[in-house]
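Participant: heads up, no residue letters with this:
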């Protein structure tokens, strides 16, 4: 697994992430200060209704579009994290067998973010279209572990980058 796969995958992920952030700007309201993130974590029909009510009809269409685009994003980011972690595992494994194993395990775990995100998106779509309980709760129950998995993956990738830099500096001496 080389950089020929990693660089385009990470670039596509970052591009899609930037598009989602740009498109999601109008979703930030007093009821949803974090935009779609606030909606993802609403956790109750009442909170979700307040958020949706704070959006105009046009903004609700933007929310629907971003949910659709997020299906492309969820195909990209878990794979990008996994590929980066598998590469980091090689370097970490030279430094510490346990850290290398942790990076490999986290790489495979990162793929679990995709079905969680897909389920969350479906629940948010139903909520956006007027669905009440249990959809906001389902979205939040999927969002929390998804964010934990992504956070663990990014932390492990950062650790791999630090280990790679330390190894490069050690070799330069």
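Facilitator: Structure's in. What do you need? Values in this document were obtained by computation on a predicted structure and should not be read as measured data.
Participant: List the contacts of residue 69.
Facilitator: 16, 19, 20, 23 (C-beta atoms under 8 Å, 6 or more residues apart in numbering). C-beta: built from backbone N, CA, C; applies to glycine.
Participant: Just the buried ones from those?
Facilitator: The neighbour count (16 or more other C-beta atoms under 10 Å) marks 16, 20, 23 as buried among the contacts of residue 69.
Participant: gap between the least confident helix or strand in the chain by mean pLDDT and the chain center?
Facilitator: Least confident helix or strand of the chain, by mean pLDDT, DSSP states H and E, is helix 135-172 with a mean of 84. In this view, helix 135-172 has its centroid 10 Å away from the chain centroid, taken as C-alpha atoms, centre = their mean, to the nearest Å.
Participant: could you say what helices and strands that helix packs with?
Facilitator: Contact here means 3 or more C-beta pairs under 8 Å, 6 or more residues apart in numbering; DSSP states H and E; on that basis helix 135-172 packs against helix 36-40, helix 45-53, helix 57-95, helix 97-110, helix 113-128.
Participant: any weak-confidence spans in the protein?
Facilitator: 1-2, 167-173 (pLDDT under 70).
Participant: please redo it, this time with the cut-off set to 80
Facilitator: 1-3, 91, 93-96, 161, 163-173 (pLDDT under 80).
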